[in-house]
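In: A structural model of the following input is requested.
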Amino acid sequence: MVLRLHVHGGYPSYAGLGIEWNDADWQAFKLVKALKGQPFNGYADCQRPNGQWVRITQEKSAGAFRIFGEWGAAKLSELGLRKGFLVPVPSSGCLGLGRDPKGRALAAAIADRTTGFEVLEGLHWHRQLPSAASGGPRDVDTLSKNLRVLRDLPKGNIVLVDDVVTSGGHLIACAAGLRHFKGHVEHALCAAQTVHHRPGNMFGIPSRNLE
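Out: Residues are numbered from 1 along each chain as shown. Predicted coordinates:
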């Protein structure tokens, strides 16, 4: 089974490359920071799928969730997926079902804008490991051994939801864990893909297969 990755935009990581950031870089960066609930300076004017602009600040992050949610709902429709379950990829500190407010908020942003999808918090970690951004593991084998899955999975399409994807190890491990318990997983929706070189269109990165 193929796991297809769809991202709303890029997440610039240009350290040491001498690349001067442009407006699109800052928009993407601050949008992700708002979704993560992390601090950032100033504001970013970001575009909704309908073309309208929303100003995002650290204090007013609702616009970021609106943009991500509208994009995700539109992507599900584009893929022909009418109903199913949105499963958040657990944060590194999520050690029990229902204990990941950040992941739940990301999935809910999409579910709230659909009529057939609901949030299913079906994954958590056995023990806390450093986050990938802090040098934690990205290899699928290590992650799979630490992953715990809700065994009584409902029938239907399962779509993974995450904030930033870099190597894709977390998504692949989560898909494998869900499939082990008969979950049907073919797609993942992420707010951003880490990019080390500026893409031609920061908010037009093509979908691709992770597996």
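
In: Do a quick rundown of the helices in this protein.
Out: In the chain, the helices defined using DSSP state H lie at 23-36, 62-78, 101-111, 140-146, 169-180.

In: Let's have the ones you listed in JSON lines, adding mean pLDDT, distance to I158 and mean neighbour count.
Out: All C-beta spots, glycine's among them, are computed from the backbone N, C-alpha and C. Formatted as JSON lines, those follow (pLDDT from 0 to 100; distance: least, Cβ to Cβ, whole Å; neighbours: other Cβ atoms under 10 Å):
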{"stretch": "helix 23-36", "mean pLDDT": "96", "distance to I158": "21", "mean neighbour count": "21"}
{"stretch": "helix 62-78", "mean pLDDT": "97", "distance to I158": "12", "mean neighbour count": "20"}
{"stretch": "helix 101-111", "mean pLDDT": "97", "distance to I158": "11", "mean neighbour count": "21"}
{"stretch": "helix 140-146", "mean pLDDT": "95", "distance to I158": "17", "mean neighbour count": "15"}
{"stretch": "helix 169-180", "mean pLDDT": "97", "distance to I158": "6", "mean neighbour count": "21"}
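
In: Minimum distance to G93: which of these has it?
Out: Comparing these against G93 with Cβ to Cβ, the closest turns out to be helix 101-111 (9.4 Å).

In: what's the angle from the closest one to helix 23-36?
Out: On the basis of axes from the mean of the first three to the mean of the last three Cα atoms, to 10 degrees, helix 101-111 is oriented at 110 degrees to helix 23-36.

In: Which strands or helices does helix 101-111 pack on?
Out: helix 62-78, strand 84-88, strand 117-119, strand 157-165 (3 or more Cβ pairs under 8 Å, 6 or more residues apart in numbering; DSSP states H and E).

In: ok, now with 6 Å
Out: On a contact count with 3 or more Cβ pairs under 6 Å, 6 or more residues apart in numbering; DSSP states H and E, helix 101-111 meets helix 62-78, strand 84-88, strand 117-119.

In: Look up how far V159 lies from T114.
Out: 10 Å (Cβ to Cβ, to the nearest Å).

In: Name the residue in the two with the higher neighbour count.
Out: Neighbours were counted for T114 and for V159 using other Cβ atoms under 10 Å; V159 has more, 25 against 19.

In: Report the buried residues of the longest strand along the chain.
Out: In the chain, assigned by DSSP state E, the strand with the most residues is strand 184-195. Within strand 184-195, the residues scored as buried using 16 or more other Cβ atoms under 10 Å are 185-195.
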